[in-house]
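Asker: here's a sequence, model it:
(one chain, ligands or ions: 1)
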Amino acid sequence: MTCSPASDAPETDSSAVGPPRGLSPSRYDPDRAGLDALVAEVGETTGTALPTYRVDQLWQGLYRDLIGPEDVSTLPKALRGPLADLLPPALTEDTRSVGDGGDTVKWLWRLADGSLIETVLMHYKDRSTVCVSTQAGCAMACGFCATGQMGFDRHLSTGEIVEQVVRAQVEAGNRRVSNVVFMGMGEPLANYDRTWAAVQRLHGDLGLSARHLTISTVGVVPGIRRMATEGLPVNLAVSLHAADDDLRDELVPLNRRYPLAELADACQAHVTATGRRLSFEWALIDNVNDRPEDAARLADYARPLGAHVNLIPLNPTPGWPTRGSSPARVREFADEVNARGGNATIRRTRGTEIDAACGQLRAERANADSVNAEGSVPVAAPRRRGNGSSR
Ligand code: SF4
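Answerer: Below you'll find the model as predicted:
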């Protein structure tokens, strides 16, 4: 399906936190009350009144031992089979790639309906971070993004989001996954209710600190304002990429609906309500948004909000005829932002040798399977701007 974010994109789907229509729940979809109801249902069908500690044992298996009902040895064997049938895993591994000497692992998962999504686990010296997807595909059509070029398939369920973190933690073994960033495929705030339910599950059941959870958005203003009222202070990262409306309209089409001034107001509301620091992501594209005037505009936009700026050399995106800025230009750009009172650092890119940029594995699989012809979004190259005088 091809969606245009400036017109009819499904910006929020607040129908419910349950799985999208037509999908059965998977093992991390039900909350604690839902698990209670499931155990009671199995008790009724087997004609046994089950004590409440059976729910505790099931919960312990899912959220502490990270195993499925079929492997929870404290549950009677007669219960494990029916519970496993009711709570199947959501993710089947399609492809796994390992890079950076084992420090980056990227999965392409196949979902129950055949949709494909990606998850990346990154180990650093002081932490392990997992980057999760919230939608299969994406309707936002950002030109530089491989996912954006594929179009939108569907929202993920809460269970499909949570299970990505669980599977990454199982892979990480003794290294605790401490941070989760919602920066994979999809726009998290366009799938608000299920994404927020996943945030609550990660915080309340898996025990991750809110300050280690980061939701990334291209600027869904109503979603940012709603996050500010939630009472759980997670971090907000905004994929900015341009600080003037003309260029941002081109790079991030959602900007036509929520221009920069509105976005800044919503970001300020989030900062005020949560006390969390805001960050801006800026993928540096050669001669498109890496000119001295772009650095000046970025600094002027970020400074009043106290935002930290992450500069990311753009990963090559197949089918997009531009390239990332040179390493030297990335460093100059950071200096120019900082000289104007901005707070910019350069993010080390991970996993370029395993196509770790959002959507690349899925794009390759789609090409290999030759099934993507209808789903792809035609993407125009951005206008190259006049060369800055410093280069
Ligand atoms: S950058 Fe994010 S919001 Fe934009 S198309 Fe890619 S996945 Fe969607």
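Asker: every contact and neighbour count from this point should use C-alpha atoms.
Answerer: Noted.
Asker: can you show me the strands along the protein?
Answerer: Per DSSP state E, the chain carries strands over the ranges 92-99, 104-110, 116-123, 128-131, 135-137, 152-155, 179-182, 213-217, 235-239, 278-284, 308-313, 344-346.
Asker: what's around Arg154, how many residues?
Answerer: 19 (other CA atoms under 10 Å).
Asker: in the sheet, who's paired with it?
Answerer: Ala136 (DSSP bridges).
Asker: wait, what's in contact with it?
Answerer: 20, 135-137 (CA atoms under 8 Å, 6 or more residues apart in numbering).
Asker: again with Glu70
Answerer: Contacts of Glu70 by CA under 8 Å, 6+ apart are 80-81, 83-84.
Asker: without its sequence neighbours, what residue ends up closest to the closest residue to the ligand within the chain?
Answerer: Residue of the chain nearest the ligand, by CA to the nearest ligand atom: Gly148 (3.3 Å). Leaving aside its chain neighbours, Gly148 sits nearest to Ala141 (4.2 Å; criterion: CA to CA, 6 or more residues apart in numbering).
Asker: got phi/psi on that neighbour?
Answerer: Reported as degrees, to the nearest 10, the phi and psi values for Ala141 are phi 60, psi 30.
Asker: residues making contact with stretch 23-39?
Answerer: 18-19, 50, 52, 54-55, 59, 62, 68, 83, 86-90, 112-113, 157-160, 162-163, 201.
Asker: CA atoms of that stretch as CSV?
Answerer: The C-alpha trace of stretch 23-39 is given here as CSV (Å, rounded to 0.1, in the frame of the first residue of the first chain):
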residue,chain,number,x,y,z
LEU,A,23,-4.4,-10.8,14.1
SER,A,24,-4.6,-13.2,17.0
PRO,A,25,-2.8,-12.2,20.2
SER,A,26,0.7,-13.5,20.7
ARG,A,27,2.5,-14.2,24.0
TYR,A,28,3.4,-10.6,24.9
ASP,A,29,0.0,-9.1,23.9
PRO,A,30,-2.0,-9.7,27.1
ASP,A,31,-1.3,-7.6,30.1
ARG,A,32,-1.4,-9.1,33.6
ALA,A,33,-5.2,-9.0,33.7
GLY,A,34,-5.3,-10.6,30.3
LEU,A,35,-3.0,-13.4,31.5
ASP,A,36,-5.4,-13.9,34.5
ALA,A,37,-8.3,-14.3,32.1
LEU,A,38,-6.4,-16.7,29.9
VAL,A,39,-5.4,-19.0,32.8
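Asker: would you state the helices of the stretch 51-200 of the chain in chain order?
Answerer: For the stretch 51-200 of the chain, applying DSSP state H, counting those that start in this stretch gives helices covering 53-63, 77-86, 146-150, 158-172, 192-204.
Asker: I'd like those written out as TSV, with mean pLDDT and mean neighbour count added.
Answerer: Output for the helices of the stretch 51-200 of the chain, formatted as TSV (pLDDT from 0 to 100; neighbours: other CA atoms under 10 Å):
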stretch	mean pLDDT	mean neighbour count
helix 53-63	96	18
helix 77-86	93	16
helix 146-150	82	28
helix 158-172	98	22
helix 192-204	97	22
